[in-house]
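Asker: Sequence and predicted structure are below.
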Amino acid sequence: MKLFDVKLLTVTCEILAQKAILEILSKHGITGYTSYEVEGNGSKGIRGHGFKNEKNIKIEIVSTEEKLKDVAEEIARYLFSDFAIILYFSDVQVIRSEKFI
């Protein structure tokens, strides 16, 4: 079985940033992602409990490093000042490269 090296960009943010992040993904031609609600504790305190607009989400995107760097730069440039957002990259391998490249 052949494996292909790609990157995973993980975005953890308050749910109010979700729409803007998905618009950035679409602008960069990314149509595939996974998102789910998460909870945790950080510099903004415990998140994920209580009202819907106080929840956090995690969005995971697998693609090429170049495309994901552009996405991360745009998220940082336009959303960091208004939302609590954490971005990180991971090296991953996929079997069906055509789904992600």
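Answerer: Now that the structure is in, tell me what you want to look at. Numbers count the residues shown, from 1 in each chain.
Asker: so how far is the helix with the most length in the chain off the chain centroid?
Answerer: Longest helix in the chain by number of residues (criterion: DSSP state H): helix 65-79. Remark: helix 65-79 is offset 10 Å from the chain centroid, using Cα atoms, centre = their mean, to the nearest Å.
Asker: Would you mark the buried spots in it?
Answerer: For helix 65-79, the neighbour count (16 or more other Cβ atoms under 10 Å) marks K67, L68, D70, V71, A72, E74, I75, L79 as buried. All C-beta atoms are positioned from the backbone trio N, CA, C, and that covers glycine.
Asker: Give me the contacts around that helix.
Answerer: Contacts to helix 65-79, defined as Cβ atoms under 8 Å, 6 or more residues apart in numbering, come from residues 6-7, 9, 11, 13, 17, 20-21, 24-25, 27-30, 61, 85, 87, 89.
Asker: Lowest-scoring secondary structure element of this structure by mean pLDDT?
Answerer: Within the chain, no helix or strand scores below strand 45-47, which has a mean of 57 by mean pLDDT, DSSP states H and E.
Asker: following it, which helix or strand shows up next?
Answerer: Going down the chain from strand 45-47, the next helix or strand is strand 56-63, by DSSP states H and E.
Asker: quick one: contacts for the residue lying closest to V92 once chain neighbours are set aside?
Answerer: Leaving aside its sequence neighbours, V92 sits nearest to L8 (Cβ to Cβ, 6 or more residues apart in numbering; 4.6 Å). Contacts for L8 (Cβ under 8 Å, 6+ apart) come out as E60, I61, V62, F89, S90, D91, V92.
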